[in-house]
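J.: Got a predicted structure plus its sequence, pasted below:
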Number of protein chains: 2
Amino acid sequence: MRNLPATDRPPIVVAKYGGSSLATPEHIRTVADTLAAERVDGAQRVVVVSAMGDTTDELLALAGRVSDGPDARELDLLLSTGEQISAALLVMALHGLGVEAVSLTGPQAGIRTDGLHGRARITGVEPERIQLELDAGRIAVVAGFQGSTGAEIATLGRGGSDTSAVALAIAMGAVRCEIFTDVDGVYSADPRLVPQARQLPEIGFEEMLELAHQGANVLQARSVELAWVHGLELAVRQTGGDGPGTTIREIDMMENRQKVRGIATDDGLAKVTLLDLGDRPGMAASVFAPLAEAGIPVDGIVQNVGREGTADLSFIVLDTDLARTESLLRRLLPELGARDLAVAGGLAKVSIVGAGIHSAPGYPARMFAALGEAGVNIEMIMTSDIRITCVIDEKHLQAAAQALHLAFQLEQA
Amino acid sequence: MRNLPATDRPPIVVAKYGGSSLATPEHIRTVADTLAAERVDGAQRVVVVSAMGDTTDELLALAGRVSDGPDARELDLLLSTGEQISAALLVMALHGLGVEAVSLTGPQAGIRTDGLHGRARITGVEPERIQLELDAGRIAVVAGFQGSTGAEIATLGRGGSDTSAVALAIAMGAVRCEIFTDVDGVYSADPRLVPQARQLPEIGFEEMLELAHQGANVLQARSVELAWVHGLELAVRQTGGDGPGTTIREIDMMENRQKVRGIATDDGLAKVTLLDLGDRPGMAASVFAPLAEAGIPVDGIVQNVGREGTADLSFIVLDTDLARTESLLRRLLPELGARDLAVAGGLAKVSIVGAGIHSAPGYPARMFAALGEAGVNIEMIMTSDIRITCVIDEKHLQAAAQALHLAFQLEQA
């Protein structure tokens, strides 16, 4: 299928540009200028694009005006147009600069997915078409966020373009995968909350995953997982910027152990507690299966077994899902044998993230002390191998993040 | 491939909705309401949709902001999103009413085209997928204006959704093809110019073609040609209206002969005249081949052979193509051996249309007399079997159309 034996072929670089980097035709021309200038390195280039600016939200708003609960398959047909538009426009801009290029929809680019519309997973990439275009000297501009399942179009969920880029980089054997965005890298904390936050030159996959899961919002978590499994180094860089960005790679745990790398923050959360729940096998499933069926994501489950075999079960949902969660569980209360339900909205999570910090002594204590000194009350505590998370009142989030950033000396390299 | 033998299957109806009928989410919901109400007839329904309102122009404007001359293949990838969006939204609205429906892109609907991006012709329709959806009890909502050529998306040119609808109606063996638009049918003249214009209950294919070619703007001419060749009756009806509309069908020439059916009007034209052109074989080709290559459409060619074997050659172009035409031909003047070039912009065409009128005596004379009495000077005259056209100054177009409408008693049924 290929024109050149692999050894004679120039290296392949995959770059992904996010929606904020493509928000207007002027932004698109700027990206085209950058790509044209980069041609001097002689690499073959695959460029994955998101939808322009707020296009996806605008399309969702259109859907909301014709339907209360649009079908996922139809929503995919609708939303996939956003990336198709930016791909075509970027190629037109490249042509205007005399750069050979071709736009490809996800299906045309050979991105195959399962049939879970709206949150499809990539099952494989058939790279022949892209390789033909690259070997013909063209930049292949691929609509991110989408693929095909049979004759159908499926989308990968929010931030899916990151995963498109990583999957293509792996399938094409790319030497580099660069994620261009509107921030200049991954930070030790959200700079909007912590002005002293420092850009990290590099971070491990696992730490990045925790930061992303906890709301760092730079990269879709699935893309990091996929890169990790395949050992693909990712570079997060600012569109049009000249900074080095942040490299996400496998980092030797030894040299980084017992060091807090960053503060993750996430707001808009709510806590749900089932009181005096019968503590019998299968109980958790009878609570969470109906929530999963209703499409309500749940996080941070904590259960305390109390007196007489009953337990309080708490977990976190999005504030926007709280009303639905409450009415659903209230109907189930008799069946669950719980005494009552307590809910609290307006919460946030703040986490310290770093390889090895959970097993190292002293970190939890230092974290709780720093929050206490800052006057922040802790509602819930959750931990993973590389993260300690406290659920707090949303209005204390900034104070908490700043206190932790200071306590763990993150302003220092 | 099919679930039901053809004889057991309900009749198939194809309906096409234009962009003005789908301009907003509210318009789309209205169309969905209509389709839901029509379900009582038990027919299987294929609905072809155009892009919402001005979407195509907005996408073209975006393209214009990144490129001076976008590539036709890229433009097709861009523009095809417009119809995809309306198809998905209409299906969501139908689902909201409890009506089973599925949206299909042109490629998914099996519409195959040649590779002439931006003006592709339909080479065939593979109806299996649509038939499966219909047999499953769904309305198939198809994105008009587009099809596939291999793995590529191609568009059919402006108004191409009409042609999509007609091609599908033919391929599916539809009993009816209804074109819903923002006017309630075909008129004896443009009602904006001639307030007395009367809606025609029916019109022949050939007459409709002349009206459409001359600017009646109700149906893409190619769709009428295609319907004519296959004897498919077309109904033009107003979206949301309850009028009978206009039926376009094969009409026995005998009963309609020698009757003016309507007045066609078209403005924004220019006349180009090559003076004292050498009248030798191949001369016309050396004038028109370069224009065709430059993509400049030409109409109404008139040549008068004058004294000493030279001729004046006149033809009509769009006003917007005039500057390009003039500079192109001026460069060719020495090669063509023409003395000079004369151009005049700001012109219009007004035509009387009716089967048999060309061969019947008296019609041309009555037309010219009516224009003369209205003080309208005639720049050029062109005729076809069923049409007599006069080129006039644009500013006299309304007076000319009204005078002809009156002279040929078109206000009477």
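T.: Happy to help now that I have it.
J.: Next up, the contacts around residue A:82.
T.: Taking CB atoms under 8 Å, 6 or more residues apart in numbering or on different chains, we find residue A:82 in contact with A:50, A:51, A:52, A:55, A:56, A:59, A:145. Just so you know, the C-beta spots here come from the backbone N, C-alpha and C atoms, and that holds for glycine as well.
J.: How about it, nearest residue that isn't a chain neighbour?
T.: Closest residue to residue A:82 apart from its sequence neighbours, by CB to CB, 6 or more residues apart in numbering or on different chains: residue A:51 at 2.9 Å.
J.: Look up phi and psi at the residue of the stretch 151-300 of chain A at minimum distance from chain B.
T.: Relative to chain B, the nearest point of the stretch 151-300 of chain A is residue A:151 (5.7 Å; CB to the nearest CB). When read as degrees, to the nearest 10, the backbone of residue A:151 gives phi -90, psi 10.
J.: Can you report how many residues lie near it?
T.: Residue A:151 sits with 12 neighbouring residues when counted by other CB atoms under 10 Å in any protein chain shown.
J.: Kindly report the same for residue A:126.
T.: That count, for residue A:126 with other CB under 10 Å as the rule, works out to 14.
J.: Neighbours of the nearest residue to it once chain neighbours are set aside, how many?
T.: Using CB to CB, 6+ apart and skipping residues adjacent in sequence, the residue nearest residue A:126 is residue A:110, 3.4 Å away. Using other CB under 10 Å, residue A:110 has 21 neighbouring residues.
J.: Quick check: residue A:110 touching residue A:133?
T.: No. Using CB atoms under 8 Å, residue A:110 makes no contact with residue A:133, being 11.0 Å away.
J.: Surely the residue nearest to residue A:82 and residue A:86 touch.
T.: Yes. Residue A:51 lies in contact with residue A:86 (CB under 8 Å); the separation is 5.9 Å.
J.: Comparing those two, which residue is more hemmed in?
T.: Using other CB under 10 Å, the more surrounded residue of residue A:51 and residue A:86 is residue A:86, with 30 against 27.
J.: hang on, the more buried one in a strand?
T.: No. Membership of residue A:86 in a strand is not supported by DSSP: H, G, I helix; E, B strand; the rest coil, which gives helix.
J.: Can you tell me how far it is from chain B?
T.: Residue A:86 is 10 Å from chain B, where distance means CB to the nearest CB, to the nearest Å.
J.: avg pLDDT for the helix or strand hosting residue A:57?
T.: Using DSSP states H and E, residue A:57 falls within helix A:55-66. In this model, helix A:55-66 has an average pLDDT of 95.
J.: what's the answer for stretch A:69-80, then?
T.: Mean predicted confidence for stretch A:69-80 is 96.
J.: Run the contact check for it versus chain B.
T.: Yes. Looking at stretch A:69-80 against chain B by CB under 8 Å from any CB of the partner chain, the contacts come from A:70, A:71, A:73, A:74, A:75, A:77, A:78, A:80.
J.: May I see the residues you listed organised as TSV, with neighbour count and secondary structure added?
T.: Output for the residues of stretch A:69-80 next to chain B, formatted as TSV (neighbours: other CB atoms under 10 Å in any protein chain shown; DSSP: H, G, I helix; E, B strand; the rest coil):
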residue	neighbour count	secondary structure
A:70	24	coil
A:71	21	coil
A:73	19	helix
A:74	26	helix
A:75	20	helix
A:77	27	helix
A:78	27	helix
A:80	29	helix
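J.: Just give me the closest of the residues you listed to residue A:404.
T.: For the residues of stretch A:69-80 next to chain B, the minimum distance to residue A:404 (CB to CB) is 38.9 Å, reached by residue A:75.
J.: any idea how far residue B:175 is from that closest one?
T.: Between residue A:75 and residue B:175 the computed distance is 33 Å (CB to CB, to the nearest Å).
J.: Please save the CA atoms from the helix or strand harbouring residue A:285 in PDB.
T.: Assigned by DSSP H and E, residue A:285 falls within helix A:283-293. The C-alpha coordinates for helix A:283-293 follow below in PDB (Å, rounded to 0.1, in the frame of the first residue of the first chain):
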ATOM      1  CA  MET A 283     -25.600  -2.500  48.000                       C
ATOM      2  CA  ALA A 284     -23.100  -0.300  46.200                       C
ATOM      3  CA  ALA A 285     -24.300  -1.700  42.900                       C
ATOM      4  CA  SER A 286     -27.900  -1.000  43.600                       C
ATOM      5  CA  VAL A 287     -27.000   2.600  44.200                       C
ATOM      6  CA  PHE A 288     -24.600   3.200  41.300                       C
ATOM      7  CA  ALA A 289     -26.200   1.100  38.600                       C
ATOM      8  CA  PRO A 290     -29.200   3.300  38.200                       C
ATOM      9  CA  LEU A 291     -27.000   6.400  38.200                       C
ATOM     10  CA  ALA A 292     -24.800   4.900  35.500                       C
ATOM     11  CA  GLU A 293     -27.900   4.000  33.500                       C
END
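J.: List the buried residues in that helix.
T.: A:283, A:287, A:290, A:291 (16 or more other CB atoms under 10 Å in any protein chain shown).
J.: which residues sit in contact with the first one?
T.: What it means is residue A:283. Taking CB under 8 Å, 6+ apart, we find residue A:283 in contact with A:277, A:313, A:336.
J.: Could I get the contacting residues of residue A:233?
T.: The contact partners of residue A:233, by CB under 8 Å, 6+ apart, come to A:176, A:177, A:227, A:247, A:248, A:249.
J.: Okay, now the sheet partners of the longest strand belonging to chain A, with direction.
T.: Counting by DSSP state E, the longest strand found in chain A is strand A:262-278. Sheet pairing of strand A:262-278 (DSSP bridges) gives strand A:310-318 (antiparallel), strand A:340-353 (antiparallel).
J.: With respect to these, which exhibits the lowest mean confidence?
T.: strand A:310-318 (a mean of 86).
J.: and after that one, which helix or strand comes next?
T.: Next along the chain after strand A:310-318, taking DSSP H and E as the criterion, comes helix A:322-336.
J.: just to revisit the earlier point, need the worst-confidence member of the buried residues of helix A:283-293.
T.: Within the buried residues of helix A:283-293, pLDDT is lowest for residue A:283, at 75.
J.: any low-confidence regions in the stretch 51-200 of chain A?
T.: For the stretch 51-200 of chain A, no stretch has pLDDT under 70.
J.: Go again with 90.
T.: A:69, A:157-159, A:181-187, A:189-192, A:199 (pLDDT under 90).
J.: Show me the strands in it, by range?
T.: Here the stretch 51-200 of chain A has its strands, by DSSP state E, counting those that start in this stretch, at A:101-104, A:111-113, A:122-125, A:139-143, A:146-149, A:152-155, A:176-181.
J.: ok so, going back, show me what contacts the residue of the stretch 151-300 of chain A closest to chain B?
T.: Per CB under 8 Å, 6+ apart, neighbours of residue A:151: B:108, B:129.
J.: what do you get if the cut-off is 10 Å, keeping everything else the same?
T.: With contacts defined as CB atoms under 10 Å, 6 or more residues apart in numbering or on different chains, residue A:151 is in contact with A:107, B:104, B:105, B:107, B:108, B:110, B:129.
J.: ok so, going back, list the residues that are in contact with both of residue A:51 and residue A:86.
T.: A:19, A:22, A:23, A:143, A:144, A:161.
J.: Please convert these to JSON lines, extending it with neighbour count and distance to chain B.
T.: Compiled in JSON lines, those are given as follows (neighbours: other CB atoms under 10 Å in any protein chain shown; distance: CB to the nearest CB, whole Å):
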{"residue": "A:19", "neighbour count": "24", "distance to chain B": "15"}
{"residue": "A:22", "neighbour count": "26", "distance to chain B": "10"}
{"residue": "A:23", "neighbour count": "17", "distance to chain B": "12"}
{"residue": "A:143", "neighbour count": "30", "distance to chain B": "9"}
{"residue": "A:144", "neighbour count": "33", "distance to chain B": "15"}
{"residue": "A:161", "neighbour count": "29", "distance to chain B": "17"}
